[in-house]
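In: return atomic coordinates for the entry below.
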Amino acid sequence: MTVEFVVMENCSSTHFILGNDYLIIYGIDLHNNKDRYLTMGDNKRLKFASLPFKRQMTEQLKEAEISLHLTDKQENEISSPLYDHKGTFSSDKKPLGAAIGHEVDIILNIKRPYPPLLRRPAYPASSKAREALETHIKEPLDLGVIKNVHHNEEVEITTPVLVAWHIGKSRMVGDFRALNTYIVPDRYPIQKSKLPLLKYLKKCI
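Out: Modelled structure (predicted):
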């Protein structure tokens with residue numbers, strides 16, 4: 001395609017009229033309200049475009065509620081630090097966040113002597129429940145998955161172990177509720193990026 005330009009002195013041009021094929025390939029319209037995109041190779045149907053920074057921040061902070069009374073500069077002053085340090089906050093793909101250099105070591109107290117709450121006796125069961133449990137656990141006992149433990153025998157697991165039923169299937173689970181009371185809490189609890197904005201918005205109101 002040959003394009004011919006006419007240079008005129010003291011005259012500003014608003015639009016350049018190009019061929020229809022050129023407009024379709026590169027996403028140019030008369031109102032200039034679309035993002036530009038590029039094609040690679042012979043397949044002109046595959047189009048590629050860079051994601052604008054403004055849209056990147058919108059995707060990252062889509063759950064946050066930013067005041068409509070802020071100017072673009074004020075909104076950018078709030079959004080930019082959050083976007084620059086997005087690794088500190090949690091997200092759908094990364095629930096726990098990752099504050100590099102501030103990792104938390106979780107220490108579990110599983111050495112003897114056990115804390116009092118971890119040495120509780122097993123839950124009592126009725127005769128009917130015991131009969132059903134004995135029938136249910138016979139196969140795991142034969143396979144060596146579980147073993148019989150006497151009341152005065154100490155084992156390196158949490159107690160008690162429960163059998164939970166869901167949709168007709170059983171699962172053996174340990175009761176870690178007491179164990180959780182002895183876990184060292186996080187020094188830096190991870191928050192989602194929208195929470196600081198919500199707190200800031202409430203203070204402004």
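In: can you list the domains in the protein?
Out: 1-50, 53-104+188-205, 116-180 (automatic domain parsing).
In: and the ones you listed, which one's lowest on average pLDDT?
Out: Mean pLDDT per stretch puts domain 1-50 lowest among these, at a mean of 60.
In: count of neighbours near the closest residue to Leu82 other than its chain neighbours?
Out: Using Cβ to Cβ, 6 or more residues apart in numbering and skipping the chain neighbours, the partner closest in space to Leu82 is Ser193 (5.3 Å). C-betas here are computed from N, CA, C, even on glycine. Using other Cβ atoms under 10 Å, the number of residues around Ser193 comes to 20.
In: ok, Ala129 next?
Out: Ala129: 12 neighbours (other Cβ under 10 Å).
In: so which helix or strand takes in it?
Out: helix 127-143 (DSSP states H and E).
In: is Val145 in a helix, a strand, or coil?
Out: Classification of Val145 using DSSP: H, G, I helix; E, B strand; the rest coil returns coil.
In: residues touching it, list them.
Out: Val145 makes no contacts at all, as judged by Cβ atoms under 8 Å, 6 or more residues apart in numbering.
In: next, give phi and psi for it.
Out: Backbone torsions of Val145, given as degrees, to the nearest 10, read phi -70, psi -40.
In: hmm, back to that, which other helices and strands contact the helix holding Ala129?
Out: Packing partners of helix 127-143 (3 or more Cβ pairs under 8 Å, 6 or more residues apart in numbering; DSSP states H and E): strand 161-166.
In: next, work out how far apart the residue nearest to Leu82 and Asp84 are.
Out: 11 Å (Cβ to Cβ, to the nearest Å).
In: wait, Leu133 sits on Pro140?
Out: No - counting by Cβ atoms under 8 Å, Leu133 does not reach Pro140; the two are 11.0 Å apart.
In: count the neighbours of Ile137 for me.
Out: Ile137: 16 neighbours (other Cβ under 10 Å).
In: against Glu75, how distant is the residue lying closest to it once chain neighbours are set aside?
Out: Spatial nearest neighbour of Ile137, excluding adjacent residues (Cβ to Cβ, 6+ apart): Ile146 at 6.4 Å. Distance of Ile146 to Glu75, computed by Cβ to Cβ: 58 Å.
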